[in-house]
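*Asks:* 3D, please:
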Amino acid sequence: MSQLDSQRSFVDAPPPGSSSGLTSRSLTIAVTGVLAIALGAVIALLPTPYAIYAPGPATNVLGKVGDLALITIKPPTSSYRPTEGSTLDMTTVSVFGGPGRKVTVLDVLRSWVSPTRTVVPVEQVFPPGQTEGQAEAETAAEMSDSQQQATAAGLRLAGYTVPETVTIADVSAGLPAAKVLKAGDVITAINGTKVVDSTKLREAVQKLKPGDPILVTVRRNGTTTEVHTVTGASDNRTVLGVDLKTTYVFPVDVEFATKDVGGPSAGMMFALGIYDLLTEGDLGGGAKIAGTGTIDGAGTVGPIGGIAQKLVGARRAGAEWFIAPESNCNEVVGHIPRGLHVVSTSTLSQSRTDVEQIAAGKGSSLPTCKS
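*Replies:* You can find the predicted model right below:
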């Protein structure tokens, strides 16, 4: 040992006359510190009543999931596979927390300071008392319904005729229609006008005032019946007082290879993909485009949740353009990643035009989200 080392060792040693062991005071401090650290670790791992939104993966609806095309149209002769290069990405949100998947205090603290994550009360995402199985079943049902709606909207945009049946799924007990209409009734006409789809039905009801008489023609147990009732009111709107279920008769078979993804928000991108596959040429012209939005059979684009995270996920996947529901614009402003251009939309037809304009190099002229 060198002289320098010897001196350093001495300096680091206890001063003359002191005890080399722990005093009771220092022992108390040490034990308290260890307990505080242990308690902090326990608290950090405790579950919390929060859910966390994080950017999820983006998937090209024109591409493949494993060995399977994400969208397959049969017979194959009815579809055109676009050229390599274009992407129409459906975007997702990873949700942590909720039934069977509690997040810890540490998870919440990390997410609060993250620029790409959002912490929300868990009841904003999942109904109280919902089980993990119920949550998974609900999101799976939403995905299945969005695929049906997207198929109808995409086929119609491509020029196909898609017959539609509007069935009553449930009736509102407090409204007059509950006395004469039943779950399972197929609505075929309103005030003598044929019902061709659920959108036209709602429009016909909206033209009336609450309390107006209405004649509803239904097919019940194979027999056509006319029933008289009056309209009701809900949220300042005229309503019939029934929940509707729509079923379609598709002229071609459309299959989806989605896996481990739930919810309704991929509807618009599914519909665009179906349209692209059913029409000659490459809709995107090689552009990297992502988007989100619900869809109904009439082609109306609706709002979704977690759009700030979807914008991040789209950019991470290489998208340069993002088609967002106009009804989500207030959440888009201030959350657009560098290098991503956002276009707002409210209908599938408008979204198709947006993609065509982007492909033609005219995307900068399209409407965007503004504060």
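*Asks:* hey, let's count contacts and neighbours off CA atoms from now on
*Replies:* OK.
*Asks:* might you report the residue contacts of the residue sitting nearest the centre point of the chain?
*Replies:* Central residue check for the chain by CA atoms, centre = their mean: the C-alpha nearest the mean position is that of residue 265, 3.3 Å away. The neighbourhood of residue 265, defined by CA atoms under 8 Å, 6 or more residues apart in numbering, consists of 146, 292, 293, 294, 295, 303, 304.
*Asks:* just the closest of those residues to residue 214, please.
*Replies:* Comparing the contacts of residue 265 against residue 214 with CA to CA picks out residue 295 as the nearest, at 28.7 Å.
*Asks:* ok, that closest one touching residue 148?
*Replies:* No. Residue 295 lies out of contact with residue 148 (CA atoms under 8 Å); the separation is 9.7 Å.
*Asks:* these two: which has the busier surroundings?
*Replies:* It is residue 295, of residue 295 and residue 148, that has more neighbours when counted by other CA atoms under 10 Å, with 32 against 24.
*Asks:* got the contact list for the more buried one?
*Replies:* 146, 149, 150, 153, 265, 267, 268, 271, 301, 302, 348.
*Asks:* distance check, the last one against residue 58.
*Replies:* Taking CA to CA, to the nearest Å as the measure, residue 348 falls 20 Å from residue 58.
*Asks:* the more surrounded of the two?
*Replies:* Set residue 348 next to residue 58 and count neighbours by other CA under 10 Å: residue 348 wins out with 27 against 24.
*Asks:* give the contact list for the more buried one.
*Replies:* 153, 157, 268, 271, 272, 295, 299, 300, 301.
*Asks:* the second one contacts residue 275, doesn't it?
*Replies:* Yes. Contact status for residue 157 versus residue 275: in contact at 6.7 Å, counting by CA under 8 Å.
*Asks:* name the residue in the two with the higher neighbour count.
*Replies:* Here residue 157 and residue 275 are compared on neighbour count by other CA under 10 Å; more neighbours surround residue 275, at 25 against 21.
*Asks:* so that one sits in a helix?
*Replies:* Yes. With DSSP: H, G, I helix; E, B strand; the rest coil as the criterion, residue 275 is located in a helix.
*Asks:* how about the nearest residue to it, chain neighbours excluded?
*Replies:* Here the nearest residue to residue 275 in space, its sequence neighbours aside, is residue 154; by CA to CA, 6 or more residues apart in numbering that works out to 5.0 Å.
*Asks:* confirm that neighbour sits in a helix?
*Replies:* Yes. When three-state DSSP is applied, residue 154 is found to be in a helix.
*Asks:* burial of it, as a residue count?
*Replies:* Burial of residue 154, expressed as a neighbour count using other CA under 10 Å, amounts to 30.
*Asks:* residues contacting it?
*Replies:* Contacts of residue 154 by CA under 8 Å, 6+ apart are 270, 271, 272, 273, 274, 275, 299.
*Asks:* got the residues you listed as a markdown table, with pLDDT and distance to residue 230 columns?
*Replies:* Listed next are those as a markdown table, based on pLDDT from 0 to 100; distance: CA to CA, whole Å:
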| residue | pLDDT | distance to residue 230 |
| --- | --- | --- |
| 270 | 97 | 38 |
| 271 | 98 | 36 |
| 272 | 97 | 39 |
| 273 | 95 | 42 |
| 274 | 95 | 40 |
| 275 | 95 | 40 |
| 299 | 95 | 29 |
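*Asks:* which one of the residues you listed is nearest to residue 196?
*Replies:* The shortest gap between residue 196 and any of the contacts of residue 154 belongs to residue 299, at 14.7 Å (CA to CA).
*Asks:* wait, the closest one touches residue 351, no?
*Replies:* No. With the criterion set as CA under 8 Å, residue 299 and residue 351 do not qualify as a contacting pair; they are 9.8 Å apart.
*Asks:* from residue 186, how far off is residue 265?
*Replies:* To residue 186, residue 265 is 28 Å away according to CA to CA.
*Asks:* one step back: now which of the contacts of residue 154 would you call buried?
*Replies:* 270, 271, 272, 273, 274, 275, 299 (16 or more other CA atoms under 10 Å).
*Asks:* any idea how far the last one is from residue 335?
*Replies:* Applying CA to CA, one obtains 27 Å for the distance of residue 299 from residue 335.
*Asks:* now do the fifth one
*Replies:* With distances taken as CA to CA, residue 274 is found 29 Å from residue 335.
*Asks:* so which strand or helix has residue 111?
*Replies:* Element membership for residue 111 (DSSP states H and E) is helix 105-112.
*Asks:* could you list every helix and strand in contact with that helix?
*Replies:* The helices and strands touching helix 105-112, judged by 3 or more CA pairs under 8 Å, 6 or more residues apart in numbering; DSSP states H and E, are helix 24-44, strand 50-60, strand 118-121.
*Asks:* if we go to 6 Å?
*Replies:* In terms of contact count using 3 or more CA pairs under 6 Å, 6 or more residues apart in numbering; DSSP states H and E, helix 105-112 is assigned no packing partners among helices or strands.
*Asks:* and it with strand 50-60, angle?
*Replies:* Taking axes from the mean of the first three to the mean of the last three CA atoms, to 10 degrees, one finds helix 105-112 and strand 50-60 inclined to each other by 60 degrees.
*Asks:* all helices for this structure, in order.
*Replies:* Remark: helices of the chain, listed N- to C-terminal, are 3-12, 24-44, 105-112, 132-157, 198-206, 267-278, 307-316, 329-332, 348-359; assignment by DSSP state H.
*Asks:* closest one to residue 99 among those?
*Replies:* Taking CA to CA as the criterion, helix 132-157 is the member of those that comes nearest to residue 99, at 4.6 Å.
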